[in-house]
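Asks: have a look; sequence and predicted model below, questions after that.
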Amino acid sequence: MPAWLAGRMTRLGNAITESILQHYGAAEFLSRLSDPFWFQALGCVMGMDWHSSGITTSVLGALKRGLNPRSNELGIYICGGRGRHSRRTPDELRALSERYGLDGEALVQTSRLTARIDNNAIGDGFQIYLHTFIVSQAGDWAVVQQGMNQPTGTARRYHWHSGSVRDFTSEPHTGIVGEHQGAILNLVDSHAKPAQEALLSIVREPPDITLGEFRKLIAPRHHDVRAEDVDLKRLGAVLAVAYEREFHDFASLLLLENLGPRTLQSLALIAEVVHGAPSRFSDPARFSFALGGKDRHPFPVPLKTYDESISVLRQSLDRAKVGDPEKLDGFARLDRFVRAVEQQCAPHANFAEVVAHEHRISPALDGRSVFDDRRKRRPERPEPRQMSLFGR
């Protein structure tokens, strides 16, 4: 992860989390982390490529860097991580529990149990290499894990939430994301009772871990963003609000800002990550149109827009702390306004033109990708004349 993006992801992730905590509380933040579609949208809006296993490591790493130094203030702490960091999870949970008066051993047991279930009880060919345990001061928790299938080079992500687990041996996940692998071994599938009974009779005692039937969420193989990956009506509403004058002026007024269209486009998608309903995240690739992707999917990360978006959100949070929530509340109003435009009159986005437009203006916005770190940058070009981004 290049340093120029990692630092920005930390600051933006910090601000988005703080905004969610302020509006909805810690339990809701944990619930959202356990939603694989929302998690993917969060990674996209932070500048990660929408279809990459690196999105998990990078997003959780950015959140841990940004939130843990403020854990006493925010009431959220992130333990574990990738490789050797995952093995530190028990010690981190015990130290955290002493600070907040939680049952540390119970949390450690839960951490180990979720890892063993995903690693051993599902015969899907994926080996867990990332384990992250997020816990609140109230003791609520979420777990995000990722496994790798070495022969295929594909990854699978596993999501858990304390509020959803009724029985660790029966449908404990909130979601599992990965490409369909065909038939797998799942000892507590709804149709696996005979197999369970046979195993019990053989070993004469319960198996260590069993796993409930999980919801399978399938993502396509291609790494690039394509029109079929995006709800073009939803994207069209965002672009209409950003670029059509009749909507743009009112949208800027909602945030009490004199914003350019490109920044307004990013903030509208960030606002949806903070305030959107779960049904809004069925096309996470759409959120990559906020701040691009490090591998240029769908376009290079516009650093000027990234920094201005962080600044607007950070200023809103700071003003809310001193008793002036009007600017921060503007994000909720912006989200509602975009949805109203979508329902009433938004045209469908012209996908090819939107991507082409973003590439044209990229130099003027300090567009950057990991490929630019490997060779000398070309001189910047002036921003071209605005063209229509909508299909008519």
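Replies: Cool, the structure landed.

Asks: going forward, measure contacts between C-alpha atoms and count neighbours the same way
Replies: OK.

Asks: helix or strand with the lowest mean pLDDT in the protein?
Replies: Ranking every helix and strand in the chain by mean pLDDT, DSSP states H and E puts strand 216-217 at the bottom, with a mean of 42.

Asks: just say helix, strand or coil for residue 144.
Replies: For residue 144, the secondary structure call by DSSP: H, G, I helix; E, B strand; the rest coil comes out as strand.

Asks: can you pull out the strands in the chain?
Replies: Remark: strands assigned in the chain by DSSP state E are 76-82, 122-123, 127-136, 141-149, 154-161, 175-177, 185-186, 216-217, 301-302, 367-368.

Asks: give me whichever of the ones you listed is most buried.
Replies: strand 301-302 (a mean of 29; mean count of other Cα atoms under 10 Å).

Asks: can you give the contact residues for it?
Replies: 47, 291-294, 362, 365-369 (Cα atoms under 8 Å, 6 or more residues apart in numbering).

Asks: of the residues you listed, which is the most crowded?
Replies: residue 47 (33 neighbours; other Cα atoms under 10 Å).

Asks: who are the neighbours in contact with that one?
Replies: Residue 47 touches 5, 9, 288, 290-294, 301, counting by Cα under 8 Å, 6+ apart.

Asks: restricted to helices, list those.
Replies: Mapping those onto helices (DSSP state H) picks out 5, 9, 288, 290-291.

Asks: which one of the residues you listed sits closest to residue 136?
Replies: Nearest to residue 136 among the ones in helices among the contacts of residue 47, counting by Cα to Cα, is residue 9 at 21.6 Å.

Asks: can you give me the distance of residue 57 to residue 43?
Replies: 10 Å (Cα to Cα, to the nearest Å).

Asks: more neighbours, the two?
Replies: residue 43 (28 against 17).

Asks: all helices for the stretch 1-150 of the chain, in order.
Replies: Assigned by DSSP state H, counting those that start in this stretch, the stretch 1-150 of the chain shows helices spanning 3-24, 26-33, 36-45, 54-67, 71-74, 84-87, 89-100, 104-116.

Asks: would you turn the ones you listed into TSV with mean pLDDT and distance to residue 322?
Replies: Listed next are the helices of the stretch 1-150 of the chain as TSV, based on pLDDT from 0 to 100; distance: least, Cα to Cα, whole Å:
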stretch	mean pLDDT	distance to residue 322
helix 3-24	95	13
helix 26-33	96	21
helix 36-45	93	27
helix 54-67	94	21
helix 71-74	94	15
helix 84-87	90	37
helix 89-100	93	27
helix 104-116	92	35
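
Asks: using a markdown table, lay out the ones you listed together with distance to residue 123.
Replies: Output for the helices of the stretch 1-150 of the chain, formatted as a markdown table (distance: least, Cα to Cα, whole Å):
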| stretch | distance to residue 123 |
| --- | --- |
| helix 3-24 | 34 |
| helix 26-33 | 25 |
| helix 36-45 | 21 |
| helix 54-67 | 22 |
| helix 71-74 | 37 |
| helix 84-87 | 21 |
| helix 89-100 | 24 |
| helix 104-116 | 12 |
